[in-house]
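# Below is the structure, and that's it, no one-letter string:
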């Protein structure tokens, strides 16, 4: 007879141990070990081999590449982030800080998809009456009856009922509130989040239901739950930037059906979220005479060119060590640009505080913004404004040269389209000194 034993496993990464440990040696998580019983066959017993029935492996050239029919939601910017629309059977995770608009966006998407078929909105955080109040405020009066609201947190009961209905799409708001009876953990724990996501993935792939999952974030800004959660889903969307303003930026960090790092900009109104069709006008600001320390950069976010405004402020330090602060920029890249300006351009910044930021809340990490950051710092240091008709882009080398970047034609075309008559790029600028001389004289 088999003997029952127990093994302890880390609920964060799955590491197994024969005894309980306070800290996981693999992922360094504290108090994450749970006990799991298993049966051990008695000594001398020989297991009978079993044959599993499965499909035979196929050569790659014999596998058909049938086209995927995407579901359009009538929101061009959001469809572009997903790669042209949502794919039946896909699993999409939407995360963001509290108040970013996750539930509002999911309700608007569910209402639009309901015009093509039945959509179920599972609200684990709110009652049906609360969802109705938000729908009256954000959705048009002629909402289709195919949108069903299901206030339930038992995920097994939800999936059992959906087996008979087979909806077109499913929204889970949120994954931290649902639970499975067969999983011995409390709702919102790492084990429950992992098991619930696996159950939703199995249901979506088997039935072809497009599933959207709303996820909470931790105090560090990461999506709450195990890292396995982001590996299981097909697409990860995240609201970034400040949530107390009018605009919301939704970025795709993972997409198995399209390109990554695509963004969609929404403006928050009393009637819900509205798409911003031209983000360049938002991030670049009005084309008026700007003060010193401001420069417009032709950047590429995902696959689309976007104009952004880089701002810098340079002032004499009041302490022994000058401060270097970067907002929505890479701190290490800012330090490198300051070193190039000191060594190659002769700017004595060792006794000055330097603050750099990207206006509008968009985070920029590509090297093509180096030239714009350097010109904004030089403009603030000299107290001389960059002309309003100039846009720039280019990577800055350690020797002071301006290096070529990808997508130069698209960057320049976007700047010309918005009325910038002169574009400083690696094609017409050799080094940082020539760029400073052109912009600041």
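It's in. Worth saying up front: this structure is predicted, and the values here are computed from it rather than measured. Residues are numbered from 1 along each chain as shown.
# Pull the contacting residues for residue 368.
297-300, 393-395, 405-406, 411 (C-beta atoms under 8 Å, 6 or more residues apart in numbering). Using the backbone N, CA and C atoms, a C-beta is placed for each residue, glycine as well.
# What sits closest to it if chain neighbours are left out?
In space, and not counting its chain neighbours, residue 368 is closest to residue 405: 4.1 Å by C-beta to C-beta, 6 or more residues apart in numbering.
# Over to residue 355?
Once flanking residues are discounted, residue 355 sits nearest to residue 313: 4.5 Å by C-beta to C-beta, 6+ apart.
# Give me the three-state assignment for that neighbour.
For residue 313, the assignment made with DSSP: H, G, I helix; E, B strand; the rest coil gives strand.
# can I assume it is in contact with residue 380?
Yes: Residue 313 lies in contact with residue 380 (C-beta atoms under 8 Å); the separation is 5.6 Å.
# where do the contact lists of these two overlap?
Residues touching both residue 313 and residue 380 by C-beta under 8 Å, 6+ apart: residue 293.
# higher neighbour count, the two?
Legend: neighbour count by other C-beta atoms under 10 Å for residue 313 and residue 380, higher for residue 380 (24 against 17).
# Now that one: closest residue in space, sequence neighbours ignored.
Closest residue in space to residue 380, ignoring its immediate chain neighbours: residue 293 at 3.3 Å, by C-beta to C-beta, 6+ apart.
# What pLDDT does the model give the one you found?
On pLDDT, residue 293 comes in at 94.
# Could you count how many residues lie near it?
25.
# cool, residue 238 as well?
Using other C-beta under 10 Å, residue 238 is surrounded by 22 other residues.
# Next one, pLDDT for it please.
At residue 238, the model reports a pLDDT of 92.
# In a strand, it, correct?
Yes: according to three-state DSSP, the state of residue 238 is that of a strand.
# contacts for the strand or helix carrying residue 281?
Secondary structure from DSSP states H and E places residue 281 in helix 279-284. Here helix 279-284 makes contact (C-beta under 8 Å, 6+ apart) with 247, 263, 265, 276, 296, 301, 305-309, 358-360, 362, 414, 418.
# Keep only those of those residues that are in helices.
Of the positions in the contacts of helix 279-284, residue 414 sit in helices, assigned by DSSP state H.
# Excluding residues flanking it in the chain, which one is nearest residue 188?
Per C-beta to C-beta, 6+ apart, closest to residue 188 is residue 176, 4.4 Å.
# How about residue 317?
For residue 317, ignoring the flanking residues on the chain, the nearest one in space by C-beta to C-beta, 6+ apart is residue 353 at 4.8 Å.
# what's around the one you found, how many residues?
17.
# coming back round to it: hmm, the residue nearest to residue 368 is touching residue 395, no?
Yes: the pair residue 405 / residue 395 is scored as a contact, 5.4 Å apart, by C-beta under 8 Å.
# more crowded one of those two?
When neighbours are counted by other C-beta under 10 Å, residue 405 and residue 395 differ, and residue 405 comes out ahead with 21 against 16.
# Relative to residue 366, how far out is that one?
Residue 405 sits 8 Å away from residue 366, going by C-beta to C-beta, to the nearest Å.
# Could you do residue 149 as well?
In terms of C-beta to C-beta, residue 149 sits 42 Å off from residue 366.
# mind listing what the residue nearest to residue 368 touches?
By C-beta under 8 Å, 6+ apart, residue 405 lies in contact with 366-368, 393-395, 411, 426.
# hmm, back to that, how about the residue nearest to residue 380, phi and psi?
phi 90, psi 20 (degrees, to the nearest 10).
# pLDDT averaged over the helix holding residue 281, what's the number?
Helix 279-284 shows a mean pLDDT of 83.
# Now find how far off-centre that helix is within its chain.
19 Å (C-alpha atoms, centre = their mean, to the nearest Å).
# what comes up buried for that helix?
279-280, 282-284 (16 or more other C-beta atoms under 10 Å).
# Export the residues you listed as a markdown table, with columns for distance to residue 329.
As requested, the buried residues of helix 279-284 are exported to a markdown table (distance: C-beta to C-beta, whole Å):
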| residue | distance to residue 329 |
| --- | --- |
| 279 | 18 |
| 280 | 18 |
| 282 | 18 |
| 283 | 14 |
| 284 | 16 |
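# where does the protein dip in pLDDT?
Filtered on pLDDT under 70, the chain yields the residue ranges 1-5, 11-14, 36-55, 65-67, 141-143, 219-221, 224-227, 241-244, 286-287.
# okay, now the domains of it?
Domain assignment for the chain by automatic domain parsing gives 3-40, 76-277, 281-440.
# Grab the longest helix from this protein for me.
As assigned by DSSP H, the longest helix anywhere in the chain is helix 190-207.
# For it, which helices and strands make contact with it?
For helix 190-207, the elements it packs on are strand 91-95, helix 155-165, strand 169-173, strand 210-215, helix 228-232, judged by 3 or more C-beta pairs under 8 Å, 6 or more residues apart in numbering; DSSP states H and E.
# what comes into contact with the helix or strand just after the first one?
Spelled out, that is strand 91-95. Remark: after strand 91-95, the chain's next helix or strand is helix 102-113, criterion DSSP H and E. With contact meaning C-beta under 8 Å, 6+ apart, helix 102-113 is reached by 71, 73-75, 78, 86, 94-96, 119, 121, 125-126, 131, 134-135, 138-139, 143-144, 147, 168-169, 171, 173-174, 210, 212, 214, 239, 250, 266, 272-273.
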